[in-house]
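Peer 1: Structure of the sequence below:
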Amino acid sequence: MAKTEQGNGLDSRGSAEKLTDNGTGLGVNGGVTLGDTPVDRYGFTGGAQQFSENHAEVIPTEVLRQREAKWLEMLNSWDKWMAKKHKKVKERCQKGIPPSLRGRAWLYLTGAKVKREQNRGKFEALDIQPGDPKWVDVIERDLHRQFPFHEMFAARGGHGQQDLFRVLKAYTLHRPEEGYCQAQAPVAAVLLMHMPAEDAFWVLVQICEKYLPGYYSTGLEAIQLDGEILYALLRRVSPVAHRHLKKHKLEPILYMTEWFMCAFSRTLPWVSVLRVWDMFLCEGVKILFRVGLVLLKCMLGSQEKLKSCQCLYETMELLRAIQPQYMQESFLVHEIIELPVSEKDIEKEHNAQLRRWKESHGDLHCKSPPRMHGAKAIMTAEPPSRQDLRQRPTIIVQSPLAPKTDGETAEDAKDSRKTEEEKQNKTILPPQKIVNPYLPPSDPSPLLTHMTVQGSKESLSSSEHDTYL
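Peer 2: Numbering: from 1, shown residues only. This next block holds a predicted model:
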């Protein structure tokens with residue numbers, strides 16, 4: 001293996017092997033060349049995830065600004081909103097988190113913000129370690145397969161692939177008994193599209209440990225159990241689809257594994273992926289069950305639809321190519337919200353399937369922690385301190401929607417009078433020397449000379465959250 005760069009474990013040649021200029025297609029070492037191909041609003045140049053107006057809702061700019069103000073207000077008092085107005089948080093996640101704040105909202109919803117604050121320096125410590133060669137080799141081979149038509153991951157050895165490697169390698173060191181599973185790569189890649197590497201690492205940890213415990217462990221017992229739960233719930237949601245799958249002996253593990261393990265990131269149009277993730281990280285795994293049930297019901301839910309798939313192979317092909325109208329953003333979100341499948345339904349069926357599993361297979365080999373059903377359950381189980389939730393840098397936003405109190409109105413009047421008095425008593429002061437804050441590169445500020453950049457030069461540190469506003 002070629003010499004590796006300090007702290008990222010990638011072939012050092014990769015950073016120089018940028019995209020070629022001969023249009024789109026495969027570039028050096030499997031990278032996708034962008035050329036002059038236009039990039040959509042989410043960073044895709046092609047592929048199944050590329051943006052299409054047919055799949056997306058149109059939100060007026062004024063409405064988007066209002067939603068941003070509301071979300072900033074919530075994030076500034078996150079513990080209070082989660083404790084007293086969780087229903088409102090859930091409703092706003094169902095409407096869709098504003099793109100400018102999605103990364104920060106995911107960080108708070110998953111409890112990753114608290115986890116990061118409580119483990120300061122942990123990611124940096126893992127990042128500088130070389131990693132287990134067994135996992136390093138597998139991760140490196142998987143990097144170019146993750147969203148190759150996204151501008152962040154198109155270049156072989158580019159900053160996107162470097163950060164993806166760092167996050168996945170750090171997880172194998174954080175959970176050496178679990179190691180690396182290929183389905184974690186697209187999950188981590190989605191996170192990196194919205195936040196810095198350190199934040200993406202902690203959100204990945206929360207997803208693997210709280211939302212989907214056991215999914216990525218050896219044996220995949222947890223995903224098999226959830227497949228049986230999905231199959232049992234389908235009997236109630238769509239008896240026609242359930243009978244068809246039973247007739248052809250189509251095991252759930254054959255069609256739902258990628259759906260659930262990748263949280264539909266490799267299945268749905270991108271606008272629908274983001275809406276599903278907004279709800280999933282707020283409400284928990286029941287959202288994945290609902291999406292799966294909606295797709296099965298839409299594709300196999302009537303005798304008319306079943307005429308085209310009279311055997312197992314045809315049914316599998318149908319489920320691999322979901323019809324676009326069923327994945328359209330507004331339709332899918334509406335169906336997910338309306339489907340009456342709750343945490344209690346899932347837990348009840350989980351206990352029933354667990355008993356059957358023990359009767360046929362014995363005890364589970366992987367002892368996973370209990371599943372947390374969303375942001376509220378995580379915060380209740382691990383109450384954060386105000387210090388852990390404090391934003392860095394602190395952002396204080398006066399929502400234009402919030403009415404002013406009597407005290408604030410009086411204070412504004414006082415400030416207004418003070419300003420008038422200052423204008424009347426204003427005197428001419430001698431000119432002061434103005435220091436140029438933008439020193440040329442040849443004369444760097446002494447405050448900046450000691451700063452160094454580790455890992456990817458284009459990666460942002462977790463403290464630079466203002467970039468994501």
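Peer 1: neighbours around residue 73, how many?
Peer 2: The local packing of residue 73 (other CB atoms under 10 Å) involves 16 other residues. Just so you know, the C-beta spots here come from the backbone N, C-alpha and C atoms, and that holds for glycine as well.
Peer 1: Regarding it, what is its secondary structure?
Peer 2: Following DSSP: H, G, I helix; E, B strand; the rest coil, residue 73 is assigned to helix.
Peer 1: Let's see the pLDDT reported for it.
Peer 2: We have a pLDDT of 94 for residue 73.
Peer 1: try the one 4 residues further on
Peer 2: Listed pLDDT for residue 77 reads 92.
Peer 1: Over to the one 3 residues further on?
Peer 2: According to the model's per-residue confidence, residue 80 sits at a pLDDT of 93.
Peer 1: What are the contacting residues of the host helix or strand of it?
Peer 2: Using DSSP states H and E, residue 80 maps to helix 78-84. Residues from elsewhere that reach helix 78-84, judged by CB atoms under 8 Å, 6 or more residues apart in numbering: 74, 88-89, 108, 375-376, 379, 384, 386, 389.
Peer 1: so residue 100 sits in a helix?
Peer 2: Yes: under three-state DSSP, residue 100 falls within a helix.
Peer 1: My guess is it contacts residue 69. True?
Peer 2: No: in this structure, residue 100 is not within contact of residue 69 by CB atoms under 8 Å, at 11.3 Å.
Peer 1: ok so, going back, please dump the contacts of helix 78-84 into TSV; it should also carry distance to residue 223 for every row.
Peer 2: Below are the contacts of helix 78-84 laid out as TSV (distance: CB to CB, whole Å):
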residue	distance to residue 223
74	33
88	33
89	28
108	27
375	22
376	24
379	26
384	30
386	37
389	32
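Peer 1: Can you point out the helix or strand that includes the residue most central in space within the chain?
Peer 2: The residue lying closest to the centre of the chain (CA atoms, centre = their mean) is residue 191, at 4.1 Å. Per DSSP H and E: residue 191 is located in helix 184-192.
Peer 1: And the strands in this protein?
Peer 2: 25-26, 32-33 (DSSP state E).
Peer 1: Select from these the stretch with the lowest mean pLDDT.
Peer 2: Looking at the strands of the chain, the bottom one is strand 25-26 with a mean of 42.
Peer 1: If you drop the residues flanking it in sequence, what lies closest to the residue nearest to the centre of the chain?
Peer 2: Once flanking residues are discounted, residue 191 sits nearest to residue 200: 3.9 Å by CB to CB, 6 or more residues apart in numbering.
Peer 1: which residues sit in contact with residue 268?
Peer 2: 276, 291, 327, 332.
Peer 1: try 7 Å
Peer 2: Taking CB atoms under 7 Å, 6 or more residues apart in numbering as the criterion, residue 268 is in contact with 276, 327.
Peer 1: Backbone dihedrals for it, please?
Peer 2: phi -100, psi 160 (degrees, to the nearest 10).
Peer 1: pLDDT score assigned to it?
Peer 2: 94.
Peer 1: and the helix holding residue 191, which residues are buried?
Peer 2: Within helix 184-192, the residues that count as buried by 16 or more other CB atoms under 10 Å are 184-192.
Peer 1: go on, stretch 251-264?
Peer 2: Buried-residue list, stretch 251-264, by 16+ other CB under 10 Å: 252, 255-257, 259-264.
Peer 1: could you redo those as JSON lines and give each row pLDDT and distance to residue 94?
Peer 2: Converted to JSON lines, those look like this (pLDDT from 0 to 100; distance: CB to CB, whole Å):
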{"residue": "252", "pLDDT": "93", "distance to residue 94": "27"}
{"residue": "255", "pLDDT": "92", "distance to residue 94": "26"}
{"residue": "256", "pLDDT": "94", "distance to residue 94": "23"}
{"residue": "257", "pLDDT": "94", "distance to residue 94": "26"}
{"residue": "259", "pLDDT": "96", "distance to residue 94": "20"}
{"residue": "260", "pLDDT": "96", "distance to residue 94": "20"}
{"residue": "261", "pLDDT": "96", "distance to residue 94": "24"}
{"residue": "262", "pLDDT": "96", "distance to residue 94": "22"}
{"residue": "263", "pLDDT": "96", "distance to residue 94": "17"}
{"residue": "264", "pLDDT": "96", "distance to residue 94": "16"}
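Peer 1: Okay, and which of those map to helices?
Peer 2: Under the assignment DSSP state H, these contribute 252, 255-257, 259-261 to helices.
Peer 1: got the CA coordinates for stretch 163-179 in CSV?
Peer 2: Backbone C-alpha positions of stretch 163-179 (Å, rounded to 0.1, in the frame of the first residue of the first chain) are rendered in CSV as follows:
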residue,chain,number,x,y,z
ASP,A,163,-13.8,12.8,5.8
LEU,A,164,-15.9,9.8,5.1
PHE,A,165,-12.9,7.6,5.8
ARG,A,166,-12.1,9.5,9.0
VAL,A,167,-15.6,9.1,10.3
LEU,A,168,-15.9,5.4,9.5
LYS,A,169,-12.4,4.6,10.8
ALA,A,170,-13.1,6.4,14.0
TYR,A,171,-16.3,4.4,14.5
THR,A,172,-14.3,1.1,14.2
LEU,A,173,-12.0,2.4,16.9
HIS,A,174,-14.9,3.6,19.1
ARG,A,175,-16.7,0.2,18.8
PRO,A,176,-14.0,-2.3,17.9
GLU,A,177,-16.3,-5.2,18.8
GLU,A,178,-18.7,-4.1,16.1
GLY,A,179,-16.2,-2.8,13.5
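Peer 1: Now residue 160: closest residue in space, sequence neighbours ignored.
Peer 2: Counting by CB to CB, 6+ apart, the residue nearest residue 160 is residue 152, at 3.6 Å.
Peer 1: how much space between that neighbour and residue 138?
Peer 2: Distance, residue 152 to residue 138, using CB to CB, to the nearest Å: 21 Å.
Peer 1: Which residue, other than its chain neighbours, is closest to residue 95?
Peer 2: Using CB to CB, 6+ apart, the closest residue to residue 95 is residue 67 (7.2 Å).
Peer 1: so the one you found touches residue 98, yeah?
Peer 2: Yes: the pair residue 67 / residue 98 is scored as a contact, 5.0 Å apart, by CB atoms under 7 Å.
Peer 1: Neighbour count for the two, which is higher?
Peer 2: residue 98 (21 against 18).
Peer 1: And the more buried one, how close does it get to residue 104?
Peer 2: 10 Å.
Peer 1: Could you do residue 207 as well?
Peer 2: Counting by CB to CB, the gap from residue 207 to residue 104 is 16 Å.
Peer 1: One more: residue 145?
Peer 2: From residue 145 to residue 104 the distance is 28 Å (CB to CB).
Peer 1: neighbour-wise, which of those two wins?
Peer 2: residue 104 (22 against 13).
Peer 1: Go ahead and confirm that one touches residue 75.
Peer 2: Yes: the pair residue 104 and residue 75 passes the contact test of CB under 7 Å, sitting 6.4 Å apart.
Peer 1: about what we covered before: and the furthest pair within the buried residues of stretch 251-264?
Peer 2: 252 and 263 (16.5 Å; CB to CB).
Peer 1: hmm, back to that, narrow the contacts of helix 78-84 to just the buried residues.
Peer 2: The buried subset of the contacts of helix 78-84 - by 16+ other CB under 10 Å - is 74, 89, 108, 375-376, 379, 384, 389.
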